[in-house]
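# sequence and computational prediction follow.
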Amino acid sequence: MTTVSIVRVAGKDRTQVTAGVRRAIAMAGGMDDVIRPGMRVMIKPNMVAPPPSAEVGACTSPLVCQAVADVVTELGARPIIAESSARGADTEAAYRIMGYDALRAQGYDVVDLKQDKTVRVPLADGRVLGDITTFDLVTRMDAIVSVPILKTHDQGQITLALKNLKGLVIDADKRRIHQLGMFEGTVDLVSHFKPVFAVVDAIVGQEGMGPLLGLPVEMGLVMAGRDLVAVDAIAGRVMGFAPAEVPITVAAAARGLGTMEETAIRVVGEPVASVARRFVRAEEDHRIDAEGISIVHSQGTCTGCRNGLLSSLFDMRADGSLAKARGLTIVAGPTPLPAGVPQEYLIGIGSCALPEAKNLPSFVKGCPPNNVDIIRALTEERPA
């Protein structure tokens with residue numbers, strides 16, 4: 001059986017966080033058989049974008065990464081904390097808001113991958129990606145430890161250790177993954193990079209319209225394990241998501257990259273039932289405003305398109321552009337076009353859309369489409 005640890009953290013200061021991380025790693029079997037002296041080890045946090053503040057549960061705490069780095073150092077290896085934030089997002093700004101500059105001042109290597117030179121790499125076993133452009137530093141790592149934060153995701157339900165690997169490609173490939181298939185594309189990355197361990201920052205997570213603008217949730221936990229699929233499955237259960245609800249977990253398990261079966265996972269430390277809390281789903285976020293906008297989808301439309309659309313409306317409300325979407329009809333997924341709506345007020349989204357939707361003047365490709373592309377279509381000039 002594979003082991004996933006769940007450990008309570010007594011506080012948010014460095015002493016308490018360090019103790020919790022160390023205990024979680026040790027209870028999950030430790031890293032000494034996968035990290036050896038002389039290795040270069042990438043510690044990969046989730047720094048999706050500059051958050052409103054360091055307390056909202058959007059980005060991995062520097063204290064968690066510091067604790068993981070210290071364990072790696074004690075094993076005789078060299079830790080390097082590295083990330084490239086989401087498409088168009090400023091990694092350095094995210095680091096600064098979260099307090100990673102303090103780690104740099106103490107001598108820790110904290111790298112903005114977007115400033116590194118890039119390398120094109122073939123993916124021999126990719127399902128949707130034949131190759132990727134990654135960063136030179138990534139190709140020189142001997143091991144990767146995924147250190148995500150516990151939070152919901154507007155298109156993938158949750159974003160944890162597996163989806164965290166999407167930060168290892170350039171922005172253009174982040175967009176391409178959305179266009180070709182985010183769930184399988186992300187698993188292509190996991191299959192290629194093969195992270196050896198995961199430590200989940202579940203001290204303060206995020207629910208609702210994650211991964212950036214959700215609502216903070218204080219959990220006071222750290223989770224860890226060697227099997228990233230199992231870690232995501234158990235962390236998802238803590239959040240109230242069955243593994244079968246999470247497309248990336250399902251896709252990774254189907255490829256044999258780990259197990260999501262509850263009977264094959266040994267949970268040590270706190271039982272799931274004692275710490276579980278149902279997180280508000282992205283589509284349940286009370287701040288979503290779709291008034292005056294018709295959203296049409298069928299039973300075959302996945303959460304990626306449905307929630308990605310709602311997330312785009314959420315973003316438009318925040319930036320003041322939502323009025324441009326009033327009066328539009330948006331057809332998501334493999335759904336027939338509604339009768340009587342002029343084509344200029346119809347928008348189709350999703351690579352699985354029917355041909356009639358793909359032939360509309362406004363169609364957004366992607367599986368699921370990126371919010372940036374959905375918003376661009378919703379804000380196009382139309383006849384008065």
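Received the coordinates, thanks. Residues are numbered from 1 along each chain as shown.
# and the helices in this structure?
Using DSSP state H, the helices of the chain run over 14-27, 62-74, 91-98, 100-105, 136-139, 171-180, 182-193, 228-238, 247-254, 272-275, 303-319, 355-358, 371-378.
# now those in JSON lines, with mean pLDDT?
Shown next, in JSON lines, are the helices of the chain (pLDDT from 0 to 100):
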{"stretch": "helix 14-27", "mean pLDDT": "98"}
{"stretch": "helix 62-74", "mean pLDDT": "98"}
{"stretch": "helix 91-98", "mean pLDDT": "98"}
{"stretch": "helix 100-105", "mean pLDDT": "98"}
{"stretch": "helix 136-139", "mean pLDDT": "98"}
{"stretch": "helix 171-180", "mean pLDDT": "94"}
{"stretch": "helix 182-193", "mean pLDDT": "97"}
{"stretch": "helix 228-238", "mean pLDDT": "98"}
{"stretch": "helix 247-254", "mean pLDDT": "97"}
{"stretch": "helix 272-275", "mean pLDDT": "98"}
{"stretch": "helix 303-319", "mean pLDDT": "90"}
{"stretch": "helix 355-358", "mean pLDDT": "96"}
{"stretch": "helix 371-378", "mean pLDDT": "94"}
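# most tightly packed of those?
Neighbour counts (mean count of other Cβ atoms under 10 Å) averaged over each of the helices of the chain peak at helix 228-238, with a mean of 27. Glycine gets a C-beta too; all of them are placed from N, C-alpha and C.
# how much does that one deviate in direction from helix 182-193?
Angular relation of helix 228-238 and helix 182-193 on a 0 to 180 degree scale: 140 degrees, by axes from the mean of the first three to the mean of the last three Cα atoms, to 10 degrees.
# rewinding a little: for the helices of the chain, which one sits closest to residue 123?
For residue 123, the closest of the helices of the chain is helix 182-193, at 5.3 Å, according to Cβ to Cβ.
# how far does that closest one sit from the chain's center?
12 Å (Cα atoms, centre = their mean, to the nearest Å).
# between it and helix 247-254, how big is the angle?
Using the same axes, to 10 degrees: helix 182-193 against helix 247-254 is 50 degrees.
# residues in contact with helix 182-193: which ones?
121, 123, 125-129, 132, 138, 144, 155-156, 162-163, 165-166, 168-169, 176-178, 228, 247-248, 251-252, 255, 257, 304, 366-368 (Cβ atoms under 8 Å, 6 or more residues apart in numbering).
# now do it and helix 303-319, the angle between them.
100 degrees.
# give me the pLDDT for residue 298.
Residue 298 carries a pLDDT value of 84.
# how close does it sit to residue 352?
Using Cβ to Cβ, to the nearest Å, we find residue 298 at a distance of 10 Å from residue 352.
# hang on, the earlier thing: which of the helices of the chain sits closest to residue 291?
helix 303-319 (9.8 Å).
# tell me the helices and strands packed up against the closest one.
Counting contacts by 3 or more Cβ pairs under 8 Å, 6 or more residues apart in numbering; DSSP states H and E, helix 303-319 is packed against strand 294-297, strand 329-332, strand 346-349, helix 371-378.
# 7 Å - rerun?
In terms of contacts (3 or more Cβ pairs under 7 Å, 6 or more residues apart in numbering; DSSP states H and E), helix 303-319 is packed against strand 329-332, helix 371-378.
# compare those and give me the one nearest residue 83.
Among the helices and strands packed on helix 303-319, the nearest to residue 83 by Cβ to Cβ is helix 371-378 (19.5 Å).
# number of residues surrounding residue 256?
9 (other Cβ atoms under 10 Å).
# for residue 130, same thing?
Neighbours around residue 130, by other Cβ under 10 Å: 11.
# same thing with residue 33?
9.
# how near is the residue lying closest to residue 11 once chain neighbours are set aside to residue 149?
Spatial nearest neighbour of residue 11, excluding adjacent residues (Cβ to Cβ, 6 or more residues apart in numbering): residue 17 at 7.7 Å. Distance of residue 17 to residue 149, given as Cβ to Cβ: 13 Å.
# circling back to that earlier point, show me the contacts for the residue nearest to residue 11.
Applying Cβ atoms under 7 Å, 6 or more residues apart in numbering, we find residue 17 in contact with 9, 61, 63, 64, 67, 203.
# distance to residue 30 added to those, as CSV?
Output for the contacts of residue 17, formatted as CSV (distance: Cβ to Cβ, whole Å):
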residue, distance to residue 30
9, 19
61, 21
63, 20
64, 17
67, 14
203, 21
